[in-house]
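Participant: predicted model and sequence below, questions to follow.
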Amino acid sequence: MSKSLNLYGGLGVGLVALLTGAYNFADRSVTPIPDEAPRMNAEADTDFQLIASAQASNAAADGKFGLGRPALPEEVAAWDLDVAPDGTGLPPGSGDVWTGEEVFVEQCAVCHGDFAEGVGNWPKLAGGDGTLADEDPLKTVGSYWPYLSTVWDYVHRSMPFGQAQTLTHDEVYAITAYILYSNYLVDDDFVLSNENFLEVEMPNADGFIIDDREEAEKHFWNAEPCMENCKDSVEITMRATILDVTPDEGGTEEEAAAEPAAEETQVASADATAEEPAAEEASAEPAAASIDMALAEEGEKVFRKCKACHQVGDGAKNRTGPVLNGVIGADFAHVDGFRYGKTIQEMSDEGMVWNEENLTAFLADPRGFISGTKMSFAGLRKDDDIKAVIEYLKTFQ
């Protein structure tokens, strides 16, 4: 027992001596912390900045920063996508209207509509002919853009939204051809290519002038701009609902008051039509016998907007929409084998027919006239176009 105590006692004394020596050695090796840490002189810091700036200036003067490398020709070419109005930069390729319709519906219609008429407040690409002098002009590819190269270049460079530059050259040619067709600028058999590109003349090609405001309006400039009380009074000249930048949620009080009367008129018309369908059908023949052929020819041009979904004439077949042969005076759901929507089928069962009044209301606002219609077309803006289309349809009775 005593031998064990002596052994452990000796080990304990040795361990204490070892730890004491290690602590003393470590304490002498630690660098003492100064009472006040050194700080960089502000003037010295400014000097460093001036030196760095001077070196950068000298490097810029020599044209050498020592960073990166010159871009290779093929790398520059990959970013050089612009197409000039004279056709410079236009790659070889071609595309027809009907191919363009298919690609447009798949890639562009979600924002711009199946017929380039625009969805909500997304841009309208078609229409607006003759509106540039109006108080609220509709600026589209057909009514405003001066160069076709701008259309091709923009679609190629920036579209589809979120997937820019995923379209092939041929697809861009086809989409451009379809946009031209939607604006009545080419026929449905048109094929656009780099070879006939410059032959297409845009309606507003001469509508732009050189911007000379720097000199012409120099006398309007003031050395000291007015910052407050610049006008005696401020007046509201236009509201957002008129500018079509906010959703229409009810319109004016006058419009709201007029809506019930309009609904009563429409219901009365529907009831009268339901009671006398035979009379409507009987009146179709005399109407067909007195067709205004000049107006019908205009309607054929307008009907191009409809041909993507509806066919007429010999050999016509149902497509997205039913054939329209014999539609004047026919029941709403009169084409055998075509699957109509629930609402239009119910209206047909109630005895409603496609007389001129109903056709006019439908062509002006399809979704407003038939709730839940599958037809995505927003409607024709001009009354003359509606009359012309109806006259054209009379030729297929």
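Facilitator: Good, I have the coordinates. Numbers count the residues shown, from 1 in each chain.

Participant: looks like Val103 contacts Ala177 (just checking).
Facilitator: No - taking Cβ atoms under 8 Å as the definition, Val103 is not a contact partner of Ala177, at 10.2 Å. The way it works is simple: take the backbone N, C-alpha and C, and place the C-beta from them, glycine included.

Participant: okay, these two: which has more neighbours?
Facilitator: Ala177 (27 against 20; other Cβ atoms under 10 Å).

Participant: which residues does that one contact?
Facilitator: Gly95, Asp96, Val97, Gly100, Val186, Phe190, Val191, Leu192 (Cβ atoms under 8 Å, 6 or more residues apart in numbering).

Participant: out of those, name the ones that lie in helices.
Facilitator: The helices, defined by DSSP state H, take in Val97, Gly100 from the contacts of Ala177.

Participant: surely Gln397 touches Ala330?
Facilitator: No - counting by Cβ under 8 Å, Gln397 sits too far from Ala330 to count as a contact (9.4 Å).

Participant: neighbour count winner among the two?
Facilitator: Between Gln397 and Ala330, Ala330 has the larger neighbour count (other Cβ under 10 Å), namely 20 against 16.

Participant: circling back: now, of the contacts of Ala177, which are buried?
Facilitator: The neighbour-count criterion (16 or more other Cβ atoms under 10 Å) marks Gly95, Asp96, Val97, Gly100, Val186, Phe190, Val191, Leu192 among these as buried.

Participant: now the fifth one: closest residue in space, sequence neighbours ignored.
Facilitator: Spelled out, it's Val186. Using Cβ to Cβ, 6 or more residues apart in numbering and skipping the chain neighbours, the partner closest in space to Val186 is Leu180 (4.6 Å).

Participant: what does the first one give?
Facilitator: The spatially closest residue to Gly95, leaving aside those adjacent along the chain, is Ala174, at 2.7 Å (Cβ to Cβ, 6+ apart).

Participant: for that neighbour, grab phi and psi.
Facilitator: phi -70, psi -40 (degrees, to the nearest 10).

Participant: surely it meets Gly100?
Facilitator: Yes - counting by Cβ under 8 Å, Ala174 does reach Gly100; the two are 3.6 Å apart.

Participant: doesn't Trp98 make contact with Val191?
Facilitator: No - assessed by Cβ under 8 Å, Val191 is found out of contact with Trp98, at 9.9 Å.

Participant: could you measure from Ser348 over to Ala333?
Facilitator: Per Cβ to Cβ, to the nearest Å, Ser348 is found 4 Å from Ala333.

Participant: between the two, which contacts overlap?
Facilitator: Tyr340.

Participant: let me know how buried Cys226 is, in neighbour terms.
Facilitator: Based on other Cβ under 10 Å, the number of other residues close to Cys226 is 8.

Participant: that one: which element?
Facilitator: Under DSSP states H and E, no helix or strand contains Cys226.

Participant: with adjacent residues omitted, what lies nearest to Asn325?
Facilitator: Per Cβ to Cβ, 6+ apart, closest to Asn325 is Phe396, 4.6 Å.

Participant: which residues sit in contact with that neighbour?
Facilitator: Val312, Gly313, Leu324, Asn325, Gly326, Val327.

Participant: Thr360: neighbour count?
Facilitator: 16.

Participant: and it, its phi and psi?
Facilitator: phi -60, psi -50.

Participant: tell me the pLDDT at it?
Facilitator: Thr360 carries a pLDDT value of 90.

Participant: isn't it up against Asp384?
Facilitator: No - in this structure, Thr360 is not within contact of Asp384 by Cβ under 8 Å, at 11.6 Å.

Participant: one step back: tell me how far the residue nearest to Asn325 lies from Glu346.
Facilitator: Taking Cβ to Cβ, one finds Phe396 at 26 Å from Glu346.

Participant: same question, Asp170
Facilitator: For Asp170, the distance to Glu346 - Cβ to Cβ - is 44 Å.

Participant: which one of those two has more residues nearby?
Facilitator: Asp170 (18 against 14).

Participant: doesn't the more buried one lie inside a helix?
Facilitator: Yes - counting by DSSP: H, G, I helix; E, B strand; the rest coil, Asp170 is part of a helix.

Participant: tell me the contacts of it?
Facilitator: Gly93, Ser94, Gly95, Thr99.

Participant: what do you get for Glu346?
Facilitator: With Cβ under 8 Å, 6+ apart, Glu346 has no contacts at all.

Participant: A helix includes it, no?
Facilitator: Yes - judged by three-state DSSP, Glu346 forms part of a helix.

Participant: tell me the pLDDT of it.
Facilitator: pLDDT, Glu346: 86.

Participant: just Asp153 next, same as before
Facilitator: Reported pLDDT for Asp153: 96.

Participant: for the one 3 residues further on, same thing?
Facilitator: Among the per-residue scores, His156 shows a pLDDT of 95.

Participant: not counting sequence-adjacent ones, nearest residue to Gly100?
Facilitator: In space, Gly100 is closest to Tyr178, 3.0 Å off (Cβ to Cβ, 6+ apart).

Participant: make that Val323, sorry
Facilitator: Nearest one to Val323, counting by Cβ to Cβ, 6+ apart, is Ala316 at 4.2 Å.

Participant: assign a three-state SS to the one you found, would you?
Facilitator: Relying on three-state DSSP, one would call Ala316 coil.

Participant: what's the local residue count around it?
Facilitator: 14.
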